[in-house]
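[1] Mind looking at a prediction? Sequence and model below.
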Amino acid sequence: MGGSVDLWDGWRLVLPNECMAERNDDGSWSAWDASHTIDVHIITVTGTETGLPIDAAAMLGVASNTAGAGWTGLAEELSEPDAEGPAYRFAISAAASNTLMSCWVAYRQPEGRAWADSVCRGIEHEPPTAKRRLFRRA
């Protein structure tokens, strides 16, 4: 699988190259190639307890440092060394009205950051189209 991937709840991302991908038993989604792994979790709510939508800034809950088509978010690179050496995680939290996507891109080499940046630039959110009711006039 490569190119544009429609996830769910209006989220889409672009894989920079061909990857293996699957929906996991816990409802998340993963993709990987020989050098990178992507893990995606999406949380969607119906709104506040009064029924009003929760805007993207409130869904994000922290100051934004990035944005894309239909979303605002936070992206940061973390380094977590393990027994094999440095392990990098580019963590992206992308928020739109009533929904939040957590996307982690993992890689071993610092050059993987460019691939992760490409994934971040390829994230889009378009609210799902509301079903239209058809009314017949009597």
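    Great, that's in hand. Residues are numbered from 1 along each chain as shown.
[2] so what does the helix ranked longest in the chain touch, helix or strand wise?
    Longest helix in the chain by number of residues (criterion: DSSP state H): helix 112-121. When contacts are defined as 3 or more Cβ pairs under 8 Å, 6 or more residues apart in numbering; DSSP states H and E, helix 112-121 packs onto strand 11-15, strand 36-44, strand 66-68, strand 71-79, strand 88-96, strand 99-107. Heads up, the C-betas are built off the backbone N, CA and C, glycines and all.
[3] Of those strands, give the one that comes closest to residue 124.
    Nearest of the helices and strands packed on helix 112-121 to residue 124, taken as Cβ to Cβ: strand 11-15 at 4.7 Å.
[4] List the buried residues for that closest one?
    Neighbour-count burial for strand 11-15, counted by 16 or more other Cβ atoms under 10 Å, picks out 11-13, 15.
[5] Serialize the helices and strands packed on helix 112-121 to JSON lines and add fields for mean pLDDT and distance to residue 121.
    Below are the helices and strands packed on helix 112-121 laid out as JSON lines (pLDDT from 0 to 100; distance: least, Cβ to Cβ, whole Å):
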{"stretch": "strand 11-15", "mean pLDDT": "96", "distance to residue 121": "8"}
{"stretch": "strand 36-44", "mean pLDDT": "97", "distance to residue 121": "14"}
{"stretch": "strand 66-68", "mean pLDDT": "97", "distance to residue 121": "7"}
{"stretch": "strand 71-79", "mean pLDDT": "97", "distance to residue 121": "10"}
{"stretch": "strand 88-96", "mean pLDDT": "98", "distance to residue 121": "10"}
{"stretch": "strand 99-107", "mean pLDDT": "98", "distance to residue 121": "12"}
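[6] Just give me the neighbour total for the closest residue in space to residue 93 that isn't next to it in sequence.
    Leaving out its chain neighbours, the residue that sits closest to residue 93 by Cβ to Cβ, 6 or more residues apart in numbering is residue 74, at 4.8 Å. By other Cβ atoms under 10 Å, the residues close to residue 74 number 16.
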